[in-house]
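Student: curious how this folds, go ahead:
(chains A and B)
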Amino acid sequence: MIVAQQIISGLATGSLYALAALGLVLIFKTSDVVNFAQGEMAMFGTFVAFSLLTSAGIPYWGAFLLALAFAALFGAAIERVVLRPLARAPLISVLIATLGLYQIINGVAGWIWGYELQPFPAAVSGAPINWGGIIFTMQNALNMGVAVIVMLVFFLLFKYSMLGIAMRAVAENRVAAKLMGVPTDRILALTWGLGGVLAATAGILIAPVTNLDINMMASMQIKAFTAGVLGGFTSLPGAVIGGLTLGVLENLVGQWNSQLQTPFAFGLIVLVLVIRPAGLLGTIQKKKV
Amino acid sequence: MVKQLPALVGLAVLLVLPQVLGSEWSWLVLLLNRALIFAIMAIGLNLLTGFAGQISIGHAAFMAVGAFTSYGLTKFAGIPFWGALPAAGLVAGVVGYALGFPALRLSGHYLAIATLGFGVAVPQLLNIWESLTGGWTGVKPAAPYLFGLSFREDRPYYYLILIVLWLLAGMAVNVVKSRTGRAFVAVRDSEVAAQAMGISLTKYKTQAFALSAFYAGIGGSLYAHLINYISPHDFGLGISMELFTIICLGGLASVNGSIVGAVFMSFLPKLTERVSIALQRSGAFEQSHFLQNVFKNFNQVLTGIILILVVLYLPMGLVDLWRKAKTLVAARGVK
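Tutor: Numbers count the residues shown, from 1 in each chain, chains lettered A, B, ... in the order given. A predicted model of the protein is given here:
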């Protein structure tokens, strides 16, 4: 029974990792950029929601939606200002740029909102479900539900909608996509906007658990990377499965020594990348010479 | 001779500087010490990232390994500092060599993610090993004695660091010119082409990791015995990011750039601190909570802005400014 409870708690934590990983995978899939600032975008969006809730007094769901709208513009603006001029730059330049963004967003958030830990309200409240001795909170159920729904929506969008096909075309070959009449710049801005929305969603759902402060995503980000790598980094269902798997495994390791959780995540990254670089559900991208 | 003139002048300034400065400038000597230690580590990181093209954004982990190796050897094994210093480099080098093997299968983004994980995991693992590292409370490495000389003061220590920097920078320059250095560059520019020319990726990538970690380990040892207080969490992502910023700002694939970048990044916090103190005296902070917050964390944002500006407008780093200035002067001369 203890193991069952551990697994359920692991799934609850894992769904947070999955949420954080989905935005990473979406942006990587289309624009080939591993966004090291993704966690900070999530944190910033959450702070915007927090301000709307506390200072402006807007009700929860209103603040949630407004924060998502802000995050979309924020993501698109980052693409336009920083990433687009680097379209032809080598990989390391893009990487440096997202690390720079990480520093800036984190620092500016501290300027605006200070450095204290703030409590953040949960999206849902209510008595936890007690299912034969296994306890499951409404918040956990919501997190997992949102992770699965977001994954499904974007999976279908990628597979069947015109937008999704355009995104895949941009990912496959930017020049060819442009020649086929795909507005690549707009698609990339849109991808980053959606990535921003996913980041803010993750942040707002994670904040009640971690509490709100500028470094709330620091360890979450490593876990999101691990979840992404585990799932293959190009697969949205992979990110969710990776997140849940990591949550469960980590919780079982944490039983033994809670300080080993992050080293464990690192070990898992290395192990997966060495044994199966494509992850559980990813596809290997072969490089043309 | 003329070609080496700037380097000679720079060396002369570095040699004389601490002697010329009065005792009210002792903070400057300490800052220089830190800058030169970071220069050593940045040269190592640059060998890995700038020359061999392998990204590491968890490099402070190697520094931590070096720092605690050096502490452990001097404290528990009774080995003097001059033995512990190279040993710290070697142990870090072995760890780097070991990390090189999984890194073989990775490139680009994946390597960045894996090294990031490594950089976070190592301080946590060291934190668990409390008998050596003291955990959260940390430990106090003693100031070194060399040949009966005490290096408790910052000034003698400065010359010690300078000698190590000189030796290791010279080694880096020679490695870069050697067969190994050319192999690094070939691997960076195209792995497939390098392999086609008979360059073993396994050999050179693991070598690059080991060499780079060796530099970081030496830096960690020097840092530990300079600061005299270390704990595992001092070697977190902040330091890794600073090292990464140093080589990007100074210039990738440039030994000089690493030194310039390290000095720049070490003095930047002091500069903003001065501005902040001046503003505080003028009373600007009393009116604005925002301004207070800004100066609590000004460097971080500035670092981020520098990174992005460098990537957008100066991809070859600060050393490129020097090169550009030289060609400009040369062009004038022709006229």
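
Student: all strands of the stretch 1-150 of chain A, in order?
Tutor: A:129-131, A:134-136 (DSSP state E, counting those that start in this stretch).

Student: deepest-packed of those, please.
Tutor: Stretch with highest mean neighbour count among the strands of the stretch 1-150 of chain A: strand A:134-136 (a mean of 14; mean count of other Cβ atoms under 10 Å in any protein chain shown). Where C-beta positions appear, they are placed from N, C-alpha and C, glycine not excepted.

Student: in terms of secondary structure, what does it contact?
Tutor: Under the contact criterion of 3 or more Cβ pairs under 8 Å, 6 or more residues apart in numbering or on different chains; DSSP states H and E, strand A:134-136 touches helix A:2-31, strand A:129-131.

Student: which of those sits closest to chain B?
Tutor: If you check each of the helices and strands packed on strand A:134-136 against chain B by Cβ to the nearest Cβ, helix A:2-31 wins as the nearest, at 7.7 Å.

Student: rewinding a little: let me have the helices and strands packed on strand A:134-136 in a markdown table, adding mean pLDDT as columns.
Tutor: Output for these, formatted as a markdown table (pLDDT from 0 to 100):
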| stretch | mean pLDDT |
| --- | --- |
| helix A:2-31 | 87 |
| strand A:129-131 | 77 |
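
Student: closest one to residue A:230 among the ones you listed?
Tutor: helix A:2-31 (8.8 Å; Cβ to Cβ).

Student: just the pLDDT for the nearest residue in space to residue B:134 that is not next to it in sequence.
Tutor: In space, and not counting its chain neighbours, residue B:134 is closest to residue B:231: 6.4 Å by Cβ to Cβ, 6 or more residues apart in numbering or on different chains. pLDDT for residue B:231: 93.

Student: ok, now how distant is residue A:117 from residue A:214?
Tutor: In this view, residue A:117 and residue A:214 are 10 Å apart by Cβ to Cβ, to the nearest Å.

Student: more neighbours: the two, which one.
Tutor: In terms of neighbours (other Cβ atoms under 10 Å in any protein chain shown), residue A:214 is the more surrounded of residue A:117 and residue A:214; the figures are 25 against 12.

Student: help me confirm that that one is found in a strand?
Tutor: No. Judged by DSSP: H, G, I helix; E, B strand; the rest coil, residue A:214 forms no part of a strand; its state is coil.

Student: following the helix or strand hosting residue B:94, which helix or strand shows up next?
Tutor: Using DSSP states H and E, residue B:94 sits within helix B:81-104. For helix B:81-104, the succeeding helix or strand toward the C-terminus, using DSSP H and E, is helix B:108-128.

Student: next SSE after that following helix?
Tutor: helix B:130-133.

Student: any low-confidence regions in the stretch 51-200 of chain A?
Tutor: Under the criterion pLDDT under 70, no range of the stretch 51-200 of chain A is flagged.

Student: so where do the helices sit in it?
Tutor: Under the criterion DSSP state H, counting those that start in this stretch, helices of the stretch 51-200 of chain A are mapped to A:60-78, A:91-113, A:138-160, A:162-172, A:174-179, A:184-210.

Student: same for the last one, what does it pack against?
Tutor: Which is helix A:184-210. Applying 3+ Cβ pairs under 8 Å, 6+ apart, we find helix A:184-210 packed against helix A:2-31, helix A:38-54, helix A:60-78, helix A:138-160, helix A:162-172, helix A:174-179.

Student: residues of the shortest one that come out buried?
Tutor: Think helix A:174-179. Going by neighbour count (16 or more other Cβ atoms under 10 Å in any protein chain shown), the buried part of helix A:174-179 is A:174, A:177.

Student: what does the first one give?
Tutor: Applying a neighbour-count criterion of 16+ other Cβ under 10 Å, one finds A:6-31 buried in helix A:2-31.

Student: which parts of the helix holding residue B:94 are buried?
Tutor: B:81, B:84-93, B:95-97, B:99-100, B:102-103.

Student: run the angle between that helix and helix B:108-128 for me.
Tutor: Interaxial angle, helix B:81-104 versus helix B:108-128 (axes from the mean of the first three to the mean of the last three Cα atoms, to 10 degrees): 140 degrees.

Student: so how many other residues sit close to the closest residue to residue A:180 other than its chain neighbours?
Tutor: Take residue A:180 and drop its neighbours on the chain: the residue closest to it by Cβ to Cβ, 6+ apart is residue A:169, 6.7 Å away. Other residues near residue A:169 come to 19 when the count uses other Cβ under 10 Å.

Student: cool, residue B:27 as well?
Tutor: Residue B:27 has 11 nearby residues by other Cβ under 10 Å.

Student: secondary structure class for it?
Tutor: helix.

Student: pLDDT score assigned to it?
Tutor: If you check residue B:27, the pLDDT there is 82.

Student: gap between it and chain A?
Tutor: For residue B:27, the distance to chain A equals 25 Å [Cβ to the nearest Cβ, to the nearest Å].

Student: next: residue B:112.
Tutor: Residue B:112 is 6 Å from chain A, by Cβ to the nearest Cβ.

Student: tell me the contacts of that residue?
Tutor: Applying Cβ atoms under 8 Å, 6 or more residues apart in numbering or on different chains, one finds that residue B:112 lies in contact with A:34, A:36, A:95, B:55, B:57.

Student: could you do residue A:167 as well?
Tutor: Residue A:167 touches A:29-30, A:158, A:187, A:191, counting by Cβ under 8 Å, 6+ apart.

Student: just say helix, strand or coil for the nearest residue to residue B:91 once chain neighbours are set aside.
Tutor: Counting by Cβ to Cβ, 6+ apart, residue B:69 is the residue found nearest to residue B:91 once chain neighbours are left out, at 4.4 Å. Per three-state DSSP, the local secondary structure of residue B:69 is helix.

Student: doesn't residue B:221 make contact with residue B:69?
Tutor: Yes. With contact defined as Cβ atoms under 8 Å, residue B:69 reaches residue B:221; the gap is 7.1 Å.

Student: need the pLDDT of residue A:289.
Tutor: The per-residue pLDDT of residue A:289 was computed as 49.

Student: count the residues that sit near residue 132.
Tutor: Picked chain A for this. With other Cβ under 10 Å as criterion, residue A:132 counts 6.

Student: actually chain B
Tutor: Neighbour tally, residue B:132, other Cβ under 10 Å: 15.
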